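Engineer: from the sequence below, what's the structure:
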Amino acid sequence: MKEIVLLKYGELALKGANRYTFESILVKNIRRRLRDLGDFKIDKAQSTVTVTPTDDAVDMDEVFDRISRVFGIVALSRSAVIEKDMDAIISSIGYLDEALENVKTFKVNAKRADKKFPLGSPEICTQLGHHILERHPHLSVDVHNPDLVVWCEIRDKYAYLHAGQYAGAGGIPVGSGGKAALLLSGGIDSPVAGYMMAKRGLEMSAIHFASPPYTSDRALLKVKELCRKMSAYTGRVKLHVVPFTEIQQLIGENCPEEYFTIIMRRFMMEIASKIAENNNCGALVTGESLGQVASQTMQAIACTDAAATIPVLRPVIGMDKEEIVTIARKIDTFETSILPYEDCCTVFTPRHPRTKPHLADVIAAESAMERESLIEAAVRDTEIEFIDETTEFI
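Structural biologist: From the prediction side, this is the model:
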């Protein structure tokens with residue numbers, strides 16, 4: 001009996017004339033995520049995608065796990081593929097044995113997309129339910145609150161039998177909304193911000209500011225590991241590591257301490273804008289949450305935004321820490337984010353930062369620095385690495 005993964009998408013079905021483009025990007029993303037697991041036949045029809053392995057020895061648990069994190073899919077199931085014949089469907093009930101043995105109640109749902117099939121949905125449900133009860137006498141039917149829902153779907157070419165649907169990652173396919181660059185610090189918030197914008201179709205690059213010897217090699221490895229974990233949802237991440245030591249030292253030597261964080265953030269925004277534009281990214285993404293720290297007040301954000309030359313997206317701006325942590329745990333970045341390796345923002349935190357700065361005062365405070373040449377040097381000396389789920393760090 002052939003087993004496939006059956007995928008459903010919700011929001012994509014509403015895309016009208018652009019729907020084909022979104023579907024094509026989704027299929028491409030699925031192929032990319034499965035490319036090292038084997039060869040697969042991927043078909044789409046009636047708001048459904050079927051992923052069929054060409055090799056029966058493929059690890060279907062791993063296939064299912066990877067696809068569950070592909071944005072654009074609202075629900076997915078492991079399903080048996082059966083000829084469109086009621087006797088053949090009934091003969092395949094054994095495919096459901098493992099799932100049915102672990103529950104007490106069930107019901108059957110049928111979807112007859114092929115209206116030429118001789119039985120209607122109620123008849124399909126009745127016959128399947130009868131034979132399931134004969135095979136598993138410990139079960140009882142509960143149509144209101146069952147432990148398990150058995151699905152039988154009659155589609156254009158085949159019938160599909162599966163034991164329930166699991167929630168997919170939702171959203172729209174990565175790459176369908178353009179490209180953006182994530183300012184990735186190594187903390188809890190920025191990976192969550194990257195995940196949330198990838199869910200809305202943005203292909204994510206990442207920009208990290210490193211300040212050796214103030215920040216360690218372990219801090220950089222931590223950021224690379226965050227990229228690896230993010231890539232399970234975002235796809236491959238192009239990581240830009242910006243040398244930031246000289247700029248931070250010059251800020252400390254030339255600028256009032258109370259403005260240090262704001263001026264540092266302004267340099268980051270301008271450098272990140274140039275890197276983003278060089279990589280055809282239309283926006284920056286940050287993990288700022290309003291009021292969380294001194295540099296995330298409205299006044300401070302206004303001062304840093306003034307240095308950016310492209311839009312800045314802040315998907316977690318209105319979330320509290322617990323909400324952000326919940327998502328970080330879900331996407332498996334939390335434990336990495338809290339490793340005790342400091343980033344350049346925490347190393348150079350002033351004792352009494354200005355929380356309500358005025359832009360004119362900030363510009364005056366940074367006027368002693370040669371901004372343009374420092375920014376050009378940082379962009380020029382930035383190192384690049386591509387990271388995905390299979391990347392190993394030495």
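Engineer: domain ranges for the protein, per the record?
Structural biologist: 2-170, 179-387 (automatic domain parsing).
Engineer: next, format the ones you listed as CSV and append mean neighbour count.
Structural biologist: Where you see a C-beta, it was placed from the backbone N, CA and C, and this is true even at glycine. Below are the domains of the chain laid out as CSV (neighbours: other CB atoms under 10 Å):
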stretch, mean neighbour count
domain 2-170, 16
domain 179-387, 19
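Engineer: take these and write them to CSV, including distance to residue 393 and mean pLDDT.
Structural biologist: Formatted as CSV, the domains of the chain follow (distance: least, CB to CB, whole Å; pLDDT from 0 to 100):
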stretch, distance to residue 393, mean pLDDT
domain 2-170, 18, 92
domain 179-387, 6, 92
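Engineer: using CSV, list the CA coordinates for the lengthiest strand in the chain.
Structural biologist: Counting residues, the longest strand in the chain under DSSP state E turns out to be strand 73-82. Extracted C-alpha coordinates of strand 73-82, given in CSV (Å, rounded to 0.1, in the frame of the first residue of the first chain):
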residue,chain,number,x,y,z
ILE,A,73,0.3,24.6,4.6
VAL,A,74,-2.6,24.8,7.0
ALA,A,75,-3.1,21.0,7.6
LEU,A,76,-1.3,17.7,6.6
SER,A,77,-1.9,14.0,6.9
ARG,A,78,-0.1,10.8,6.3
SER,A,79,-2.4,8.9,4.0
ALA,A,80,-2.9,5.7,2.1
VAL,A,81,-3.5,5.9,-1.6
ILE,A,82,-6.3,3.6,-2.8
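Engineer: pairing partners for that strand, with directions?
Structural biologist: Sheet partners assigned to strand 73-82 using DSSP bridges are listed as strand 2-8 (antiparallel), strand 159-162 (antiparallel), strand 166-170 (antiparallel).
Engineer: as TSV, these with distance to residue 305 would be great.
Structural biologist: Listed next are the strands paired with strand 73-82 as TSV, based on distance: least, CB to CB, whole Å:
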stretch	distance to residue 305
strand 2-8	39
strand 159-162	49
strand 166-170	29
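Engineer: out of those strands, which comes closest to residue 303?
Structural biologist: strand 166-170 (35.1 Å; CB to CB).
Engineer: show me what that closest one is in contact with.
Structural biologist: 7-11, 67-77, 199, 233 (CB atoms under 8 Å, 6 or more residues apart in numbering).
Engineer: convert the C-alpha atoms of that strand to CSV, please.
Structural biologist: What follows is strand 166-170 as a C-alpha-only set of coordinates in CSV (Å, rounded to 0.1, in the frame of the first residue of the first chain):
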residue,chain,number,x,y,z
TYR,A,166,-2.4,17.8,11.9
ALA,A,167,-2.0,21.5,11.9
GLY,A,168,0.6,22.9,9.5
ALA,A,169,2.8,25.9,9.8
GLY,A,170,0.2,28.2,8.2
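Engineer: need the next SSE after the strand or helix carrying residue 249, C-terminal direction.
Structural biologist: Take DSSP states H and E as the rule and residue 249 turns out to sit in helix 245-254. Sequence order places helix 260-278 as the next helix or strand after helix 245-254, per DSSP H and E.
Engineer: which ones are touching the spatially most central residue of the chain?
Structural biologist: Compute the mean C-alpha point of the chain, and by CA atoms, centre = their mean the closest residue is residue 233, 3.3 Å away. Counting by CB under 8 Å, 6+ apart, residue 233 touches 69, 71, 169, 174, 195, 198, 199, 331.
Engineer: now residue 222: how far from residue 30?
Structural biologist: 30 Å (CB to CB, to the nearest Å).
Engineer: same question for residue 199.
Structural biologist: Distance from residue 199 to residue 30, by CB to CB: 16 Å.
Engineer: can you map out the strands along the stretch 51-200 of the chain?
Structural biologist: Using DSSP state E, counting those that start in this stretch, the strands of the stretch 51-200 of the chain run over residues 73-82, 105-112, 140-141, 148-154, 159-162, 166-170, 179-183.
Engineer: adding distance to residue 226, write those out as TSV.
Structural biologist: Formatted as TSV, the strands of the stretch 51-200 of the chain follow (distance: least, CB to CB, whole Å):
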stretch	distance to residue 226
strand 73-82	24
strand 105-112	40
strand 140-141	47
strand 148-154	37
strand 159-162	35
strand 166-170	18
strand 179-183	10
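Engineer: out of those, which gets nearest to residue 228?
Structural biologist: Counting by CB to CB, and looking across all of these, nearest comes strand 179-183 at 14.1 Å.
Engineer: helices and strands around that closest one, which ones?
Structural biologist: helix 189-199, strand 203-210, helix 260-278, strand 284-285 (3 or more CB pairs under 8 Å, 6 or more residues apart in numbering; DSSP states H and E).
Engineer: let's have those in TSV, adding distance to residue 129.
Structural biologist: Below are these laid out as TSV (distance: least, CB to CB, whole Å):
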stretch	distance to residue 129
helix 189-199	37
strand 203-210	46
helix 260-278	56
strand 284-285	49
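Engineer: residue 178: which of the ones you listed is closest?
Structural biologist: Closest among the helices and strands packed on strand 179-183, using CB to CB: strand 203-210, at 7.2 Å.
Engineer: nearest spatial neighbour of residue 56, skipping sequence neighbours?
Structural biologist: Excluding the flanking residues, the one nearest residue 56 by CB to CB, 6 or more residues apart in numbering is residue 2, at 8.0 Å.
Engineer: one more: residue 306?
Structural biologist: In space, residue 306 is closest to residue 359, 5.7 Å off (CB to CB, 6+ apart).
Engineer: ok, now residue 66?
Structural biologist: residue 33 is the one closest to residue 66 (CB to CB, 6+ apart), at 4.9 Å.
Engineer: just checking, that neighbour touches residue 70?
Structural biologist: Yes. Counting by CB atoms under 8 Å, residue 33 does reach residue 70; the two are 5.9 Å apart.
Engineer: coming back round to it: so what's the residue nearest to residue 66 up against?
Structural biologist: Neighbours of residue 33 in contact, by CB under 8 Å, 6+ apart: 66, 67, 69, 70, 235.
Engineer: I'd like those written out as CSV, with distance to residue 145 added.
Structural biologist: Output for those, formatted as CSV (distance: CB to CB, whole Å):
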residue, distance to residue 145
66, 32
67, 28
69, 29
70, 30
235, 38
